[in-house]
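Chemist: Predicted model follows, preceded by the sequence.
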Amino acid sequence: MATVFAADMAPPPKPPSMLLALSELPRAIFELGSLPWASPLLSKAPKGDGHPVLVLPGFMASDGSTALMRRFLEKRGYDAHAWKLGRNLGPKSIGSEAEHLIDLLDAVHTLTGKKVSLVGWSLGGVMARQLSRRRPGAVRQVISLGSPFAGHPKATTVWKIYERLTGHKIDDPDTLKQLEESELPPPVPSTAIFSKADGIVAWEICREPEGPQTDNIEVYGSHCGLGVNAAVLYAVADRLAQDEGDWKPFDRKGVRGFVYPSSGH
(Lines give C-alpha, C1' and ligand atoms only; values in the text may rest on other atoms or scores of the structure.)
Protein backbone atom coordinates (compact mmCIF):
# COMPACT_ATOMS: atom_id res chain seq x y z
CA MET A 1 0.00 0.00 0.00
CA ALA A 2 2.86 2.40 -0.57
CA THR A 3 2.40 5.43 -2.80
CA VAL A 4 4.48 5.51 -5.98
CA PHE A 5 5.07 7.66 -9.02
CA ALA A 6 3.90 6.84 -12.52
CA ALA A 7 6.39 7.52 -15.30
CA ASP A 8 4.10 9.87 -17.22
CA MET A 9 3.34 12.15 -14.28
CA ALA A 10 4.94 15.54 -13.56
CA PRO A 11 8.32 15.58 -11.77
CA PRO A 12 7.93 15.05 -8.02
CA PRO A 13 8.66 17.74 -5.46
CA LYS A 14 12.01 17.52 -3.71
CA PRO A 15 12.18 15.67 -0.39
CA PRO A 16 12.54 17.79 2.76
CA SER A 17 15.92 19.36 3.44
CA MET A 18 18.49 17.64 5.61
CA LEU A 19 18.11 20.46 8.14
CA LEU A 20 14.40 19.75 8.52
CA ALA A 21 15.05 16.02 8.73
CA LEU A 22 17.70 16.40 11.44
CA SER A 23 15.43 18.70 13.46
CA GLU A 24 12.57 16.19 13.56
CA LEU A 25 13.38 14.59 16.92
CA PRO A 26 13.88 17.78 18.95
CA ARG A 27 10.80 19.36 17.43
CA ALA A 28 8.70 16.28 18.19
CA ILE A 29 9.95 16.29 21.79
CA PHE A 30 9.00 19.96 22.06
CA GLU A 31 5.49 19.24 20.73
CA LEU A 32 5.04 16.45 23.27
CA GLY A 33 6.31 18.67 26.08
CA SER A 34 3.93 21.44 25.06
CA LEU A 35 0.82 19.32 25.55
CA PRO A 36 0.27 20.28 29.23
CA TRP A 37 0.17 23.94 28.19
CA ALA A 38 -2.41 23.10 25.54
CA SER A 39 -4.70 21.18 27.90
CA PRO A 40 -7.22 24.07 28.22
CA LEU A 41 -7.63 24.06 24.42
CA LEU A 42 -7.88 20.28 24.20
CA SER A 43 -10.46 20.16 27.01
CA LYS A 44 -12.72 22.20 24.72
CA ALA A 45 -12.36 19.86 21.75
CA PRO A 46 -15.70 18.52 20.50
CA LYS A 47 -16.89 15.36 22.21
CA GLY A 48 -17.67 12.20 20.32
CA ASP A 49 -20.70 9.98 19.89
CA GLY A 50 -18.97 6.75 20.91
CA HIS A 51 -18.34 5.41 17.42
CA PRO A 52 -15.21 3.29 16.86
CA VAL A 53 -11.96 4.82 15.65
CA LEU A 54 -9.12 2.66 14.36
CA VAL A 55 -5.71 4.35 14.63
CA LEU A 56 -2.92 3.18 12.30
CA PRO A 57 0.75 3.98 13.09
CA GLY A 58 3.37 5.23 10.66
CA PHE A 59 6.23 3.39 9.01
CA MET A 60 8.38 1.45 11.51
CA ALA A 61 6.12 2.59 14.37
CA SER A 62 3.86 0.47 16.56
CA ASP A 63 0.76 1.04 18.67
CA GLY A 64 2.95 2.67 21.30
CA SER A 65 3.33 5.70 19.03
CA THR A 66 -0.44 6.23 18.90
CA ALA A 67 -1.19 5.51 22.57
CA LEU A 68 -1.45 9.17 23.55
CA MET A 69 -3.80 9.95 20.69
CA ARG A 70 -5.99 6.97 21.50
CA ARG A 71 -6.20 7.98 25.16
CA PHE A 72 -7.17 11.49 24.11
CA LEU A 73 -9.88 10.17 21.79
CA GLU A 74 -11.23 7.88 24.51
CA LYS A 75 -11.50 10.87 26.87
CA ARG A 76 -13.42 12.73 24.17
CA GLY A 77 -15.93 9.90 23.99
CA TYR A 78 -14.69 7.65 21.19
CA ASP A 79 -14.14 3.90 21.11
CA ALA A 80 -10.47 4.03 20.07
CA HIS A 81 -8.79 0.87 18.76
CA ALA A 82 -5.12 0.01 18.24
CA TRP A 83 -4.15 -1.83 15.08
CA LYS A 84 -2.40 -4.74 16.93
CA LEU A 85 -0.25 -5.70 13.93
CA GLY A 86 3.13 -4.89 15.46
CA ARG A 87 5.43 -2.44 13.75
CA ASN A 88 4.21 -1.00 10.49
CA LEU A 89 6.45 -2.60 7.91
CA GLY A 90 4.08 -2.31 5.01
CA PRO A 91 3.05 -5.60 3.38
CA LYS A 92 5.02 -7.56 6.00
CA SER A 93 2.55 -6.30 8.62
CA ILE A 94 -0.76 -6.09 6.78
CA GLY A 95 -0.33 -8.93 4.27
CA SER A 96 0.40 -8.83 0.56
CA GLU A 97 -3.26 -8.06 -0.15
CA ALA A 98 -3.80 -6.12 3.08
CA GLU A 99 -5.79 -9.09 4.34
CA HIS A 100 -4.73 -8.68 7.98
CA LEU A 101 -5.79 -5.04 8.02
CA ILE A 102 -9.07 -5.81 6.29
CA ASP A 103 -9.77 -8.56 8.84
CA LEU A 104 -9.08 -6.09 11.66
CA LEU A 105 -11.47 -3.50 10.25
CA ASP A 106 -14.15 -6.15 9.71
CA ALA A 107 -13.71 -7.35 13.31
CA VAL A 108 -14.14 -3.84 14.78
CA HIS A 109 -17.10 -3.14 12.51
CA THR A 110 -18.80 -6.41 13.45
CA LEU A 111 -18.04 -6.05 17.16
CA THR A 112 -19.45 -2.54 17.42
CA GLY A 113 -22.11 -2.68 14.74
CA LYS A 114 -21.00 0.81 13.63
CA LYS A 115 -18.97 2.29 10.83
CA VAL A 116 -15.34 2.84 11.79
CA SER A 117 -13.42 6.10 11.39
CA LEU A 118 -9.81 5.57 10.32
CA VAL A 119 -6.97 7.79 11.54
CA GLY A 120 -3.63 7.01 9.91
CA TRP A 121 -0.24 8.56 10.57
CA SER A 122 2.17 8.73 7.60
CA LEU A 123 2.18 5.28 5.93
CA GLY A 124 -0.79 4.41 8.14
CA GLY A 125 -2.78 7.14 6.41
CA VAL A 126 -1.95 5.75 2.98
CA MET A 127 -3.21 2.38 4.19
CA ALA A 128 -6.36 3.94 5.67
CA ARG A 129 -7.27 5.52 2.33
CA GLN A 130 -6.84 2.23 0.50
CA LEU A 131 -8.69 0.35 3.22
CA SER A 132 -11.69 2.65 2.77
CA ARG A 133 -11.82 1.61 -0.88
CA ARG A 134 -11.80 -2.08 0.01
CA ARG A 135 -14.50 -1.75 2.68
CA PRO A 136 -16.44 1.50 2.03
CA GLY A 137 -19.51 0.17 3.82
CA ALA A 138 -17.53 -0.27 7.04
CA VAL A 139 -15.74 3.11 7.05
CA ARG A 140 -17.21 6.38 8.29
CA GLN A 141 -14.37 8.71 7.36
CA VAL A 142 -10.60 8.86 6.87
CA ILE A 143 -8.12 11.25 8.51
CA SER A 144 -4.47 11.13 7.42
CA LEU A 145 -1.54 12.73 9.22
CA GLY A 146 1.43 13.62 7.02
CA SER A 147 0.65 10.77 4.63
CA PRO A 148 2.42 10.73 1.23
CA PHE A 149 -0.46 9.45 -0.86
CA ALA A 150 -0.45 11.95 -3.73
CA GLY A 151 2.92 11.69 -5.38
CA HIS A 152 6.33 10.12 -5.76
CA PRO A 153 7.61 8.20 -2.69
CA LYS A 154 11.10 9.42 -3.49
CA ALA A 155 9.87 12.82 -2.31
CA THR A 156 10.53 11.43 1.16
CA THR A 157 13.72 10.93 3.15
CA VAL A 158 12.98 7.29 4.04
CA TRP A 159 12.09 5.54 0.79
CA LYS A 160 15.37 3.55 0.68
CA ILE A 161 14.85 2.41 4.26
CA TYR A 162 11.27 1.44 3.36
CA GLU A 163 12.47 -0.80 0.52
CA ARG A 164 15.18 -2.36 2.67
CA LEU A 165 12.96 -3.18 5.65
CA THR A 166 9.79 -4.18 3.83
CA GLY A 167 11.23 -5.91 0.78
CA HIS A 168 8.64 -3.94 -1.17
CA LYS A 169 9.90 -2.06 -4.23
CA ILE A 170 8.26 1.31 -4.76
CA ASP A 171 8.39 1.08 -8.55
CA ASP A 172 6.91 -2.37 -9.12
CA PRO A 173 3.78 -2.61 -11.32
CA ASP A 174 1.41 -3.27 -8.42
CA THR A 175 2.62 -0.19 -6.57
CA LEU A 176 2.34 1.93 -9.71
CA LYS A 177 -1.25 0.81 -10.04
CA GLN A 178 -1.94 1.71 -6.43
CA LEU A 179 -0.59 5.22 -6.95
CA GLU A 180 -3.15 5.90 -9.62
CA GLU A 181 -5.84 4.78 -7.18
CA SER A 182 -4.38 6.47 -4.10
CA GLU A 183 -4.41 9.95 -5.58
CA LEU A 184 -8.15 9.80 -6.13
CA PRO A 185 -10.46 10.90 -3.29
CA PRO A 186 -11.62 8.01 -1.08
CA PRO A 187 -15.28 6.92 -1.31
CA VAL A 188 -15.92 8.41 2.16
CA PRO A 189 -15.22 11.87 3.68
CA SER A 190 -11.48 12.35 3.98
CA THR A 191 -9.28 14.97 5.66
CA ALA A 192 -5.53 15.33 5.20
CA ILE A 193 -3.59 17.03 7.99
CA PHE A 194 -0.08 18.15 7.01
CA SER A 195 2.79 20.47 7.93
CA LYS A 196 4.91 22.49 5.53
CA ALA A 197 7.78 21.99 8.00
CA ASP A 198 7.58 18.18 7.64
CA GLY A 199 11.11 16.80 7.67
CA ILE A 200 10.25 13.31 6.39
CA VAL A 201 7.88 13.72 3.46
CA ALA A 202 7.30 16.56 1.02
CA TRP A 203 4.14 18.29 2.23
CA GLU A 204 2.93 18.77 -1.35
CA ILE A 205 2.19 15.04 -1.68
CA CYS A 206 0.18 14.89 1.55
CA ARG A 207 -2.85 16.86 0.35
CA GLU A 208 -6.28 15.78 -0.80
CA PRO A 209 -7.54 16.91 -4.20
CA GLU A 210 -10.43 19.35 -3.96
CA GLY A 211 -13.81 17.65 -3.80
CA PRO A 212 -17.18 17.64 -2.04
CA GLN A 213 -15.94 15.26 0.66
CA THR A 214 -12.27 16.22 1.00
CA ASP A 215 -10.40 18.79 3.04
CA ASN A 216 -6.83 19.69 3.98
CA ILE A 217 -5.71 21.16 7.29
CA GLU A 218 -2.27 22.72 7.59
CA VAL A 219 -0.66 22.74 11.03
CA TYR A 220 2.68 23.92 12.40
CA GLY A 221 4.89 21.05 13.46
CA SER A 222 7.16 18.13 12.65
CA HIS A 223 6.31 14.83 10.99
CA CYS A 224 7.33 12.70 13.96
CA GLY A 225 5.31 14.90 16.32
CA LEU A 226 2.02 14.86 14.44
CA GLY A 227 0.50 12.29 16.80
CA VAL A 228 1.33 14.39 19.87
CA ASN A 229 0.72 17.83 18.39
CA ALA A 230 -2.05 19.69 20.23
CA ALA A 231 -3.37 21.36 17.06
CA VAL A 232 -3.52 17.97 15.34
CA LEU A 233 -5.34 16.33 18.25
CA TYR A 234 -7.93 19.12 18.31
CA ALA A 235 -8.45 18.94 14.54
CA VAL A 236 -8.87 15.15 14.65
CA ALA A 237 -11.48 15.47 17.41
CA ASP A 238 -13.27 18.15 15.40
CA ARG A 239 -13.42 15.97 12.30
CA LEU A 240 -14.58 12.88 14.18
CA ALA A 241 -17.35 14.79 15.99
CA GLN A 242 -19.31 15.50 12.83
CA ASP A 243 -22.62 13.72 12.48
CA GLU A 244 -22.55 10.80 10.12
CA GLY A 245 -23.88 11.90 6.77
CA ASP A 246 -23.40 15.60 7.57
CA TRP A 247 -19.71 16.13 6.83
CA LYS A 248 -18.43 19.70 6.42
CA PRO A 249 -14.95 21.17 5.81
CA PHE A 250 -12.93 22.38 8.78
CA ASP A 251 -13.81 25.89 9.99
CA ARG A 252 -10.73 28.15 10.07
CA LYS A 253 -12.51 31.38 10.98
CA GLY A 254 -11.41 33.63 13.84
CA VAL A 255 -8.63 32.54 16.15
CA ARG A 256 -8.35 29.18 14.41
CA GLY A 257 -6.78 30.94 11.46
CA PHE A 258 -3.63 31.54 13.53
CA VAL A 259 -3.33 27.87 14.48
CA TYR A 260 -4.44 26.39 11.16
CA PRO A 261 -2.99 28.68 8.48
CA SER A 262 -4.50 27.15 5.34
CA SER A 263 -6.13 24.26 3.56
CA GLY A 264 -3.03 23.96 1.41
CA HIS A 265 -4.81 24.25 -1.93
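Modeler: Arrived safely, thanks for sending. Numbering: from 1, shown residues only.
Chemist: from here on, contacts and neighbour counts on C-alpha atoms
Modeler: Fine.
Chemist: Arg252 against Val219, yeah?
Modeler: No: here Arg252 does not reach Val219: they are 11.5 Å apart, not a contact under C-alpha atoms under 8 Å.
Chemist: Which neighbours do those two have in common?
Modeler: Residues touching both Arg252 and Val219 comprise Tyr260, Pro261, with contact defined as C-alpha atoms under 8 Å, 6 or more residues apart in numbering.
Chemist: In terms of packing, which of those two has more residues around it?
Modeler: Legend: neighbour count by other C-alpha atoms under 10 Å for Arg252 and Val219, higher for Val219 (24 against 15).
Chemist: Off-centre distance for the lowest-mean-pLDDT helix or strand in the chain?
Modeler: Scoring the helices and strands of the chain by mean pLDDT, DSSP states H and E places helix 173-182 at the bottom, with a mean of 73. Counting by C-alpha atoms, centre = their mean, to the nearest Å, helix 173-182 is centred 18 Å from the centre of its parent chain.
Chemist: So for the helix or strand following it, what gets flagged as buried?
Modeler: As assigned by DSSP states H and E, the chain's next helix or strand after helix 173-182 is strand 190-195. Residues of strand 190-195 classed as buried by neighbour count (16 or more other C-alpha atoms under 10 Å): Ser190, Thr191, Ala192, Ile193, Phe194, Ser195.
Chemist: So what does Ile217 look like in phi/psi?
Modeler: phi -130, psi 110 (degrees, to the nearest 10).
Chemist: Torsion angles phi and psi at Thr214?
Modeler: phi -130, psi 150.
Chemist: Now do the closest residue to it other than its chain neighbours, the pLDDT please.
Modeler: Spatial nearest neighbour of Thr214, excluding adjacent residues (C-alpha to C-alpha, 6 or more residues apart in numbering): Ser190 at 4.9 Å. Among the per-residue scores, Ser190 shows a pLDDT of 97.
Chemist: Please name the bridge partners of Ser190.
Modeler: Beta-bridge partners recorded for Ser190 (DSSP bridges): Val142, Thr214.
Chemist: From what I see, it and Ile143 are in contact.
Modeler: Yes: Ser190 is in contact with Ile143 according to C-alpha under 8 Å; the separation is 5.7 Å.
Chemist: Backbone dihedrals for the residue most central in space within the chain, please?
Modeler: Residue closest to the mean C-alpha point of the chain, counted by C-alpha atoms, centre = their mean, is Ser144 at 2.2 Å. The phi and psi values for Ser144, taken as degrees, to the nearest 10, are phi -110, psi 150.
Chemist: do the same with His100
Modeler: Per degrees, to the nearest 10, the backbone of His100 is at phi -70, psi -40.
Chemist: Ok, the one 3 residues further on next?
Modeler: Phi and psi for Asp103, reported as degrees, to the nearest 10, are phi -60, psi -40.
Chemist: Which pLDDT does the model give it?
Modeler: 97.
Chemist: now swap in Leu123 and tell me
Modeler: For Leu123, the predicted pLDDT is 93.
Chemist: so how many other residues sit close to it?
Modeler: 26.
Chemist: cool, Phe250 as well?
Modeler: 17.
Chemist: and it, helix, strand or coil?
Modeler: Of the three states, Phe250 takes coil under DSSP: H, G, I helix; E, B strand; the rest coil.
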